[in-house]
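**Student:** here's a sequence, model it:
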Amino acid sequence: VTGGIVTHNTGRLSSSEPNLQNIPRPENDKWNLRSAFIPEPGNDIIAVDYEQLEMRLLAAAALERDMIGIFERKWDIHMGNAALMFNLPYDDLKEAKNVDKKVKGGELPPGAMTDYVRRCLDARAAAKAIGFGLNYGMGAKKLGHALGISPEDAQMKIDQYKATYPAVSQFFAEAVAETAQSGYAFTLLGRRRNVTEISSHRRDERARGERMAINTQIQGSAADVCKMAQIRLMNFGLEARYGCKMLLQIHDELVFECPKETTKEALADIKELMEHPFTTDLAVHLAVDTGHGSSWGAAK
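**Tutor:** Modelled structure (predicted):
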């Protein structure tokens, strides 16, 4: 493989020639592209991906008890958000997703998609779009376009989200205020990003600066997590202990190549180190999804 790795403004890594970050996630990989990435004979590919990292960091940074509770119950964060925002039973949201999957797979007839099932699916989709969108500083117009609704309706959903999670709203406001005062946005580990736009006389540039103030704290801190995990793994000596080599970072996922006979032992230590990248744990547990197999695609 030829190409390069560059650092995004938030500190996250991106790749080029080829851009491996454009390889679809397993659930969207309809061409099974990940199966083209294979190890040397006798080795496994290990893939370890942080679960809902940005939302976990948001809950921890804001110390939002209700959102932290979702993670403590091991719920899907988007279903949990939808349950609290729209007053829907979590089990109904979970079942609606299951019904949708079975209808698409031909296991259930189209009639199984009742109005209530669609309402539950729409609620989760809205909660997911709002949760991610606000982390990136998304406004009502862009959110409305993403959800296929008017900006006014999108603003109502944003207001509903903020009312559900007042500590998150306060965190966003403080992030913008701190950046406006100092001119910098800071990550969890104190890396700073110069945000000159936030003091601009132009409204559009100030709005962009406010978005940067928020997403630097979340995305930049996600970069901190991944980089600290890589440092811990390097210092641990995976290659010396197990012959395991770290190959790639793709978004919040680390990919390794390891001899088959030491895969399980290496994977246990990788999981432990990635879930505890700092000397002190955050208010929310950082969980990872692990897998290994004869290709990147098989390592689900």
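**Student:** buried ones in the strand or helix carrying residue 270, by neighbour count?
**Tutor:** For residue 270, the host element (DSSP states H and E) is helix 263-275. Residues of helix 263-275 classed as buried: 263, 266-267, 269-271, 273-275 (neighbour count, 16 or more other CB atoms under 10 Å). Quick note: C-beta positions are derived from backbone N, CA and C, even for glycine.
**Student:** output the lowest mean pLDDT helix or strand found in the chain.
**Tutor:** The weakest-scoring helix or strand in the chain, judged by mean pLDDT, DSSP states H and E, is strand 4-7 (a mean of 51).
**Student:** following that strand, which helix or strand comes up?
**Tutor:** Following strand 4-7 in sequence, per DSSP H and E, is strand 13-16.
**Student:** quick check: longest helix of the chain.
**Tutor:** helix 203-236 (DSSP state H).
**Student:** that one: how far from the chain's middle?
**Tutor:** 12 Å (CA atoms, centre = their mean, to the nearest Å).
**Student:** now do the very next helix or strand once past that helix: which elements does it pack against?
**Tutor:** Toward the C-terminus, helix 203-236 is succeeded by helix 238-242 as the next helix or strand (DSSP H and E). Here helix 238-242 touches strand 245-250, strand 253-259, helix 263-275, going by 3 or more CB pairs under 8 Å, 6 or more residues apart in numbering; DSSP states H and E.
**Student:** contacts for helix 238-242 next, please.
**Tutor:** The contact list for helix 238-242 (CB atoms under 8 Å, 6 or more residues apart in numbering) reads 244-246, 256, 258-259, 262, 265-266, 269-270.
**Student:** what's the mean pLDDT across that helix?
**Tutor:** The average pLDDT within helix 238-242 is 96.
**Student:** that older thread, would you list the buried residues of helix 263-275 in JSON lines and tack on distance to residue 162 and pLDDT?
**Tutor:** Compiled in JSON lines, those are given as follows (distance: CB to CB, whole Å; pLDDT from 0 to 100):
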{"residue": "263", "distance to residue 162": "45", "pLDDT": "97"}
{"residue": "266", "distance to residue 162": "43", "pLDDT": "98"}
{"residue": "267", "distance to residue 162": "40", "pLDDT": "97"}
{"residue": "269", "distance to residue 162": "41", "pLDDT": "98"}
{"residue": "270", "distance to residue 162": "37", "pLDDT": "98"}
{"residue": "271", "distance to residue 162": "35", "pLDDT": "98"}
{"residue": "273", "distance to residue 162": "36", "pLDDT": "97"}
{"residue": "274", "distance to residue 162": "32", "pLDDT": "97"}
{"residue": "275", "distance to residue 162": "30", "pLDDT": "98"}
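**Student:** give me the neighbour count for residue 137.
**Tutor:** The number of residues packed around residue 137, counting by other CB atoms under 10 Å, is 21.
**Student:** show me what contacts the closest residue to it other than its chain neighbours?
**Tutor:** With CB to CB, 6 or more residues apart in numbering as the criterion, residue 137 has its nearest non-adjacent residue at 2.6 Å, and that residue is residue 211. Residues near residue 211 by CB under 8 Å, 6+ apart: 136-138.
**Student:** now, among those, which is nearest to residue 284?
**Tutor:** Distance to residue 284 across the contacts of residue 211 (CB to CB) is lowest for residue 136, with 19.5 Å.
**Student:** am I right that that closest one is in contact with residue 215?
**Tutor:** Yes - the pair residue 136 / residue 215 is scored as a contact, 5.0 Å apart, by CB atoms under 8 Å.
**Student:** please say which of the two ends up with more neighbours.
**Tutor:** Each of residue 136 and residue 215 has its neighbours counted (other CB under 10 Å); residue 215 has more, 22 against 14.
**Student:** how close does the more buried one get to residue 248?
**Tutor:** 23 Å (CB to CB, to the nearest Å).
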